[in-house]
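> Just need the structure, nothing else, for what follows:
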Amino acid sequence: MNCLETSRLIGPFVDDELDARSVIDVETHLARCAACTEERSELLALRETARERLPRFDPPAGLEERLFRAARKPEPRRRLPWRQGAMVLAAACAAVVATSALRPHGDEPLDEIVDAHVRSLQADHLTDVVSSDQHTVKPWFQGRIDCAVPVRDFSARGFVLSGGRLDVLDGRPAAALVYRRRQHVLNLFVSPASPGSDGEPRRDVSVRGYRISTWTQEGLRYRLVSDIAPSESDELVSLLRADDGSH
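Residues are numbered from 1 along each chain as shown. Next up is the predicted model:
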């Protein structure tokens, strides 16, 4: 684990929110890194200062009992006037339409894609095969996923292939190719396209601060997740789509 990975986990580590494996990894790194140890000490000192100096308020007597009574008391049913009911129904329909408009075609599991990306940033979850050699990464997927995974390194353009791993999206195995752009990690998920979806146009959507670009090409579905500038993400998508898949 390096300093960048540890820095992401120090906050959850201090708050006892990490799993046992991650705790061991962070503690191992802290034992040999003075800078990260100092960062942990600063967070601990800030937490203690907040506990000592922030004002505390005692609830008024009987508040807990009143809250319990209010929670147990059934609320009378109210009938909405037809105009108000129609407005509520119209608002609900508009919300559904708006949500559907933000989702790419094919009912992409957007939250699941972002979850897979975020999960990969945790310690020891990013890559199963670590290499910038496309001829090492591509054969690793053989027998692990039901398709040939095109793999290319774009280091000359600033997108460095770091390796790959096997992931799961929408209940199906998916290859995850990992690229780095400066300090940013980009995940490219590749899986077989569903019948009749080949050649679908590229679509872009933002979910929880991440940009997801999806498209199908030559029988494969691609999902690129990143937090870099859209112009940079577009550049990598163009490089990937220009690839003929023979590499």
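> hey, let's count contacts and neighbours off CA atoms from now on
Fine.
> For this structure, which element, helix or strand, carries the lowest mean pLDDT?
helix 82-102 (a mean of 52; mean pLDDT, DSSP states H and E).
> Tell me the helix or strand right after that helix.
Later in the chain than helix 82-102, the nearest helix or strand by DSSP states H and E is helix 110-120.
> Going by neighbour count, which residues of that following helix are buried?
110, 113-114, 116-118, 120 (16 or more other C-alpha atoms under 10 Å).
> okay, these in TSV with distance to residue 216 and pLDDT next?
Shown next, in TSV, are the buried residues of helix 110-120 (distance: C-alpha to C-alpha, whole Å; pLDDT from 0 to 100):
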residue	distance to residue 216	pLDDT
110	16	86
113	16	90
114	19	90
116	20	89
117	19	91
118	23	89
120	23	88
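> which one of the residues you listed is nearest residue 24?
Each of those was scored against residue 24 by C-alpha to C-alpha, and residue 120 proved nearest at 17.5 Å.
> what about that closest one, distance to residue 22?
Residue 120 sits at a distance of 13 Å from residue 22 (criterion: C-alpha to C-alpha, to the nearest Å).
> tell me the mean pLDDT over stretch 11-28?
For stretch 11-28, mean pLDDT is 80.
> Render the CA-only coordinates of that stretch in CSV, please.
Taking Å, rounded to 0.1, in the frame of the first residue of the first chain, the C-alpha atoms of stretch 11-28 are listed here in CSV:
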residue,chain,number,x,y,z
GLY,A,11,-10.2,8.8,8.0
PRO,A,12,-12.2,5.6,8.0
PHE,A,13,-9.3,3.9,9.9
VAL,A,14,-9.5,6.5,12.7
ASP,A,15,-13.3,6.1,12.8
ASP,A,16,-13.1,2.3,13.0
GLU,A,17,-15.0,1.8,9.7
LEU,A,18,-12.5,-0.4,7.8
ASP,A,19,-12.6,-4.2,7.5
ALA,A,20,-10.0,-6.3,9.2
ARG,A,21,-7.8,-6.7,6.1
SER,A,22,-7.7,-3.0,5.4
VAL,A,23,-6.9,-2.2,9.0
ILE,A,24,-3.9,-4.5,8.8
ASP,A,25,-2.7,-2.9,5.5
VAL,A,26,-3.0,0.6,7.0
GLU,A,27,-1.3,-0.3,10.2
THR,A,28,1.5,-2.0,8.3
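> So what touches it?
1, 6, 9-10, 40, 43-44, 122-123 (C-alpha atoms under 8 Å, 6 or more residues apart in numbering).
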